[in-house]
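A.B. asks: predicted model follows, preceded by the sequence.
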Amino acid sequence: MPSYMHFGEADLLRIRFAISPLWETQDAVRTLKRPARHGYHLPWLRRIRQAAEGLDLTALWLLMPWRGHSPDFLGPPPIGPAASFEEEIAAVRGADPEAAGEDLARSLSCTPGAAESPQGRALLDDPGRAVHTLADTLERAWHALVEPEWPRLRALLEADVAFHTRRLAQGGIEGLFADLHPRLRWADGTLTLATPFDHVRVLDGQGLMLMPSVFCWPDVVTGFEPPWQPTLAYPARGIGALWAGPAGPAPEALAHLLGDRRAAVLLALDEPAGTSTLAQLLDLAPSSVSAHLSVLRDAGLLTSRRAGHQVLYERTPLGIALAVSQPGAP
């Protein structure tokens, strides 16, 4: 059963990208409850195990059915391309209690017995209080589960946005959606997503917000109803290497040419990345990585560009040729 999003001419001009720390927090909580998602995130799960044990996430989990509706007001489309968690959680706290109550009831109805459970009844009896209680829980989850890793996560998400922005510029709408996710298909002004339910959304000039996510793999998530901005969340590129430890030694020939650490920096740039991400990946001080990046850029092996809060570096054609010519290089 498919989900359809129908585009008009105005919608094609209003496709844009955003990153949401609130959405990542929601989906980090969801990932804790879904073992099928754990494979990519085992190092993270080990790191946050103790912090997670100190959180009571049962109310949030009750609103995350295996199939069906999760409340839109708890994980709304981003309010801007680079909104902070503080801005987003403030919007959650400002949710209209009546609308939130309807959202909660719809979500609870997707899990047999959830609305009649003591916790479900408490949520439905006082939606205004439920909004603030759930927002408090999300805020605690942010600080415990996501905030310590946010520089690394944000770097990966911004690199994904940069990649797909180039795809859009080079190949248009068809090129953008061709490799966003295998379950997506673009044809005749309609984006079709293979889903276990039928859903039709006419974008009606609002355009589409595209939101890469670290924790939503393997899912693609859509279905926000009016008045919410039409949004599609998809797995970000490169999550398989997100939690990788320090890279191994560079090939000997490249290390002789550039030095061990400078060669390691060049080889680590399979995807665009910022200084903090490379420092964590290579177990080096950010100041050291920054110095190596400057030398490599001055030598014509890297280029740099600003993306949101940071500068992203990627290999030039010369840098690519030098990296891939090494035995054992990626």
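C.D. replies: Thanks, I have it.
A.B. asks: local confidence estimate at the residue lying farthest from the centre of the chain?
C.D. replies: Most distant from the centre of the chain: residue 256, at 37.9 Å, with distances by CA atoms, centre = their mean. pLDDT, residue 256: 75.
A.B. asks: same question for residue 315.
C.D. replies: With respect to pLDDT, residue 315 scores 86.
A.B. asks: which residues touch it?
C.D. replies: Contact analysis of residue 315 by CB atoms under 8 Å, 6 or more residues apart in numbering lists 266, 269, 301, 302, 303, 323. All C-beta spots, glycine's among them, are computed from the backbone N, C-alpha and C.
A.B. asks: give the contact list for residue 7.
C.D. replies: Residues counted as contacts of residue 7 (CB under 8 Å, 6+ apart) are 189, 190, 191, 203, 208.
A.B. asks: can you pull the phi/psi pair for it?
C.D. replies: Per-residue torsions, residue 7: phi -100, psi 140 (degrees, to the nearest 10).
A.B. asks: how much space between the residue minimising distance to the centre of the chain and residue 313?
C.D. replies: Centroid check for the chain by CA atoms, centre = their mean gives residue 213 as the closest residue, at 1.7 Å. As judged by CB to CB, to the nearest Å, residue 213 and residue 313 stand 23 Å apart.
A.B. asks: how about residue 233?
C.D. replies: 27 Å.
A.B. asks: residue 304 too?
C.D. replies: From residue 304 to residue 313 the distance is 5 Å (CB to CB).
A.B. asks: also residue 104?
C.D. replies: Residue 104 is 45 Å from residue 313, by CB to CB.
A.B. asks: partners of the closest residue to residue 218 other than its chain neighbours in the sheet?
C.D. replies: Among residues not flanking residue 218 along the chain, residue 235 sits closest, at 6.6 Å (CB to CB, 6 or more residues apart in numbering). Beta-bridge partners for residue 235, by DSSP bridges, are residue 213.
A.B. asks: can you get me a residue count around residue 235?
C.D. replies: 20 (other CB atoms under 10 Å).
A.B. asks: identify the contacts common to residue 304 and residue 313.
C.D. replies: Joint contacts of residue 304 and residue 313 (CB under 8 Å, 6+ apart) are 293, 297.
A.B. asks: now the helices: where do they sit in the protein?
C.D. replies: Listed in chain order, the helices of the chain (DSSP state H) span 9-12, 21-33, 42-53, 58-62, 85-93, 97-108, 118-125, 127-141, 150-178, 252-258, 260-268, 275-282, 286-298, 317-324.
A.B. asks: a markdown table for the ones you listed, including distance to residue 75?
C.D. replies: Shown next, in a markdown table, are these (distance: least, CB to CB, whole Å):
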| stretch | distance to residue 75 |
| --- | --- |
| helix 9-12 | 22 |
| helix 21-33 | 4 |
| helix 42-53 | 19 |
| helix 58-62 | 10 |
| helix 85-93 | 9 |
| helix 97-108 | 11 |
| helix 118-125 | 16 |
| helix 127-141 | 9 |
| helix 150-178 | 16 |
| helix 252-258 | 44 |
| helix 260-268 | 32 |
| helix 275-282 | 25 |
| helix 286-298 | 32 |
| helix 317-324 | 38 |
